[in-house]
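Colleague: Sequence first, then the predicted structure, then my questions.
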Amino acid sequence: EIDARYAAEGPRGAEPRWWEDVEVGDEITPMVKGPLTVTDMVCWHVGMGMGMYNVAPLRLGYKNRRRIPRFYHRDELGVPDVMQRVHWDPAFARKSGNPTTFDYGRMRETWLIHACTDWMGDDAWLWRLRVEFRKFNYVGDVQWIEGEVTRRYLAEGGRPAVDVDLRCRNQRGE
């Protein structure tokens, strides 16, 4: 089922999605992400970077430890390492109260953006997104992204606008 969904996915691309053709209740093209692996998170880091924490190796890591020392905790060998280890180190994740490693909320946020931009096409503009993170997404979890158009209207300045309601549902239906 997962592979079939991946095979059916794809961006709308250059084919315009005309505002006049969109109706309340229209389904957003479903999308799947997962099963989540540590490799997925590493690849996300390569594209996204380490954000405001500036996680870095070696001398750069040393400089960062001096900048934000409370962000670092000592591992079982006494070596300081970043709190973000909860995303790739199962033992550290368990120490933090979780059963295993889990994704970054921002990673799932980019998945929702991906679903929007694939559905709307190249000529549309995503100008606002509101996201809530309600559950952890653990390594091994699958997220099914689905949604529908909830409003079609003219925004300020007479700009055509569409509101959509998106949600992620895991393999447990949560």
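Modeller: The structure has been received and is ready for your questions.

Colleague: Need the contact partners of whichever helix or strand residue 7 is part of.
Modeller: For residue 7, the host element (DSSP states H and E) is helix 2-8. Residues from elsewhere that reach helix 2-8 (CB atoms under 8 Å, 6 or more residues apart in numbering): 30-32, 34-35, 142, 144. Every residue, glycine included, has its C-beta placed from N, CA and C.

Colleague: If we use 6 Å, what do you get?
Modeller: residue 32 (CB atoms under 6 Å, 6 or more residues apart in numbering).

Colleague: pLDDT at residue 49, what is it?
Modeller: Listed pLDDT for residue 49 reads 65.

Colleague: what's the spacing between the residue nearest to the spatial centre of the chain and residue 131?
Modeller: Closest residue to the average C-alpha location of the chain: residue 108 at 1.7 Å, with CA atoms, centre = their mean. Distance, residue 108 to residue 131, using CB to CB, to the nearest Å: 8 Å.

Colleague: which ones are touching residue 133?
Modeller: residue 105.

Colleague: Go again with 7 Å.
Modeller: Contacts were defined as CB atoms under 7 Å, 6 or more residues apart in numbering; by that measure residue 133 touches 105, 108.
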